[in-house]
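Enquirer: with the input below, show me the fold.
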Amino acid sequence: MAVSEQFARVLRSSRDELNARFVAARQQYPALAGDAFMAFLTSVVEPLICAVAAACPDRSDAVAFAAYDVALELVGQRIAGARGAAIDTIWRRVLPATARIVAMEPSRVLASLSNAAHQLEGTPGANVGGWVDNMSRLAPECSSVDELLRVGQVAAWRAGMSHFRRGAIGAAAALPEPLALAAVGASASCRWPAIEAGLLGSEWFDPSRPDDRRVSGNGDLLRAIATVGAFRGFGGVFVDPPRVTYGAGHFHVSSGDETWLLTADLYGATLHRVGPNDVQLPKPLASLPRGVRVPEGPGTVTSAAFSETTLAVTWSLTHQVTLLALA
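Expert: Numbers count the residues shown, from 1 in each chain. Below is the predicted model of the structure:
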């Protein structure tokens with residue numbers, strides 16, 4: 001694929017400067033290959049430059065230089081340029097559709113969305129395709145760089161990055177109400193304050209079904225809503241059957257001499273390793289709380305922990321943690 005005249009003009013007019021940037025980048029990233037870099041420019045950067053040239057012709061040069069620099073880093077680190085890579089996908093599908101916003105602050109937008117795509121791709125269980133789909137749908141509705149990046153944060157949370165939850169709800173609250181509702185998947189007929197209150201009230205509140213409350217009465221049989229973790233030999237993280245605890249507002253999972261912070265909500269769950277001296281764990285409960293009934297699991301209960309909204313249970317015959325909604 002040959003570059004367009006617009007992009008070729010920028011490359012020709014600043015050939016010496018761009019070549020010097022490539023040489024400097026190669027010193028920092030010895031794996032940076034000229035053919036891979038050129039392939040990224042022609043197949044991924046090219047559509048963006050053409051879109052910017054059509055939407056904001058006076059900004060096309062600035063975007064081209066910014067994209068060149070960001071591309072050097074991405075390809076040099078080998079986190080872009082591969083078929084199906086999340087970064088390549090977001091550059092092809094989302095950035096050209098929001099060329100006017102990219103043109104406002106190209107370095108910030110390109111670096112931020114590329115970093116988000118890379119984090120999602122590296123998070124087990126994250127739905128990268130869902131994030132890209134939501135960004136493709138919502139990005140054209142944004143009117144500023146801040147709005148675009150806030151939408152990206154919300155979309156990343158809803159794609160399975162449960163540890164982004166609090167920040168994402170705050171980011172949504174800073175958006176115009178129609179965009180905030182669309183970003184969290186709520187109906188346009190809803191009001192943001194009610195949706196925000198539901199989200200802050202329970203990790204299992206579904207904005208698309210705000211009247212579907214998961215409140216369980218005493219003695220009701222709880223429904224398992226998620227499982228987290230697996231045996232390391234099968235691609236999971238736990239060597240030994242785990243134990244779960246809750247304290248200071250956080251769930252932790254221990255396996256052998258290793259410990260993870262567990263975050264979970266309607267959209268997914270993530271495990272984050274913590275050091276042995278980073279957290280003081282309470283003693284695990286060896287049985288279910290009084291009055292709580294759960295479906296039969298794989299073996300007997302080995303530990304249980306609960307917050308106001310969530311019950312976490314481990315079992316004797318599995319390396320997974322079962323999560324159940326209390327509210």
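
Enquirer: centroid residue for this protein?
Expert: Closest residue to the average C-alpha location of the chain: residue 156 at 3.3 Å, with Cα atoms, centre = their mean.

Enquirer: list phi and psi for residue 169.
Expert: phi -60, psi -40 (degrees, to the nearest 10).

Enquirer: okay, the nearest residue to residue 91 once chain neighbours are set aside: pLDDT?
Expert: Sequence neighbours aside, residue 44 is the residue nearest to residue 91 in space, at 4.8 Å (criterion: Cβ to Cβ, 6 or more residues apart in numbering). Just so you know, the C-beta spots here come from the backbone N, C-alpha and C atoms, and that holds for glycine as well. Here the pLDDT value assigned to residue 44 is 92.

Enquirer: lowest average confidence, helix or strand, in the protein?
Expert: Sorting the helices and strands of the chain by mean pLDDT, DSSP states H and E puts helix 5-13 at the bottom, at a mean of 78.

Enquirer: just the CA atoms of that one, as PDB, please.
Expert: Extracted in PDB, the C-alpha atoms of helix 5-13 (Å, rounded to 0.1, in the frame of the first residue of the first chain):
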ATOM      1  CA  GLU A   5       0.100  12.300  -1.600                       C
ATOM      2  CA  GLN A   6      -0.800  14.200   1.600                       C
ATOM      3  CA  PHE A   7       1.300  11.900   3.800                       C
ATOM      4  CA  ALA A   8       4.000  11.600   1.300                       C
ATOM      5  CA  ARG A   9       4.400  15.400   1.100                       C
ATOM      6  CA  VAL A  10       5.000  15.500   4.900                       C
ATOM      7  CA  LEU A  11       7.500  12.700   4.700                       C
ATOM      8  CA  ARG A  12       9.400  14.300   1.800                       C
ATOM      9  CA  SER A  13       9.400  17.800   3.300                       C
END
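
Enquirer: for the helix or strand hosting residue 112, buried residues please.
Expert: Using DSSP states H and E, residue 112 maps to helix 106-121. In terms of neighbour count (16 or more other Cβ atoms under 10 Å), helix 106-121 has its buried residues at 106, 109, 110, 111, 112, 113, 114, 116, 117, 118, 120, 121.
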